[in-house]
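Provided below for reference: sequence and predicted model.
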Amino acid sequence: MSELVTLMSFSSSIDFEMAKSYLESFEIECFGRDEINNRAYINNVNGGVKLEVRAEQAEQAMKLLFEGGYLKAEDFEESPEMKWMEKILNAFKKK
């Protein structure tokens, strides 16, 4: 069995299902991790529903998610919080 790669997280099961259906229409096999927890409990309680694909289809799936508008370049930019955290951690790194 091939390794699964998490591509995205969704706070809503509906958004997850839309992206999953979109990828499956291009014959990309998709899996949802934590989907039951997200439906049974408060949305996004454990990071939301994770969209996973097989490692060998990950690159194609990412391209399709960009083309379909599910992903944007700014989704990969560091948040101000992460930039601040990195600055603090760098201060403690050995020089």
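That came through fine. Numbering: from 1, shown residues only.

In contact with the nearest residue to Glu3 once chain neighbours are set aside, which residues?
Sequence neighbours aside, Ala55 is the residue nearest to Glu3 in space, at 4.4 Å (criterion: CB to CB, 6 or more residues apart in numbering). Where you see a C-beta, it was placed from the backbone N, CA and C, and this is true even at glycine. Ala55 makes contact with 2-5 under the criterion CB atoms under 8 Å, 6 or more residues apart in numbering.

go on, Lys72?
Phe66.

change it to 10 Å
65-66 (CB atoms under 10 Å, 6 or more residues apart in numbering).

where's it relative to Asn90, distance?
The gap separating Lys72 from Asn90 is 28 Å, by CB to CB, to the nearest Å.

before we move on, what about Trp84?
In terms of CB to CB, Trp84 sits 11 Å off from Asn90.

just Glu59 next, same as before
When Glu59 is compared with Asn90 (using CB to CB), they lie 31 Å apart.
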